[in-house]
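Q: Can you look at this prediction? I've put the sequence above it.
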Amino acid sequence: MADIEVWVESAVMRLVRGDITGRYVDAIVNAADAHLQHGGGVAGAIVRKGGEIIQQESDRIGYTPVGSAVITSAGFLPARYVIHAVGPRMGEGDEDRKLKSAVVSILELASQKGLQSISMPAISSGIFGFPRDRCAEILVLETAAYLKAHPSGSLKIVEFCIFDEATMDHFRKEFAALARGQEAT
């Protein structure tokens, strides 16, 4: 069940708390490293639950730069695909722009594949050290801007699946601001 939903054009942005590996959407997003080695954190859980095929397909791709995304099958997961997005590590420089680029890459890749629903974690806010508040702001605002710019696109549901309560609070704040902004227009 969604914590909060906000409509943007013909799509809904949704905030849920839980385990992204159990989401029934066309694609879940994995916060990946550039070499697509899914050993720990959410990436490790995705491969453990979805099967080694995800890592094998990632190995064939090999590398994707920071700020970009690639797609593999989802193995045994309820989703059909995994979109592997490489967000910035805090301290590498130009982190905000790189995270914005990663979000746009996710949404463009999903649209190119004709996907209708995706679920995204708080990219870069875990072991990559990106501040949770800035992560929430960038993910919510970039997604809303993309959906406004592509009102007839295939995406109908973009959800943010957040694991911990502290990060959820930052996303709730951004969703509330987005909703207030829409009411004012």
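A: Great, that's in hand. Numbers count the residues shown, from 1 in each chain.
Q: the strands in this structure, which residues?
A: 4-8, 11-17, 27-32, 69-73, 81-86, 117-120, 157-162 (DSSP state E).
Q: Could you check the angle the last one makes with strand 4-8?
A: Between the axis of strand 157-162 and that of strand 4-8 there is an angle of 150 degrees, by axes from the mean of the first three to the mean of the last three CA atoms, to 10 degrees.
Q: re earlier: could you identify which of the strands of the chain is most buried?
A: strand 27-32 (a mean of 28; mean count of other CB atoms under 10 Å). Bear in mind the C-beta positions are built from the backbone N, C-alpha and C, glycine included.
Q: so what does it touch, helix or strand wise?
A: Packed against strand 27-32 by the contact rule (3 or more CB pairs under 8 Å, 6 or more residues apart in numbering; DSSP states H and E) you find helix 41-50, strand 81-86, strand 117-120.
Q: Mind giving me the packing neighbours of the last one?
A: Put plainly, it is strand 117-120. Going by 3+ CB pairs under 8 Å, 6+ apart, strand 117-120 lies up against strand 27-32, helix 95-112, strand 157-162.
Q: Relative to it, what are the paired strands and their orientations?
A: strand 27-32 (parallel), strand 157-162 (parallel) (DSSP bridges).
Q: what pLDDT, on average, does the first one get?
A: In this model, strand 27-32 carries a mean pLDDT of 96.
Q: how far off helix 41-50 does that strand point, in degrees?
A: Using the same axes, to 10 degrees: strand 27-32 against helix 41-50 is 130 degrees.
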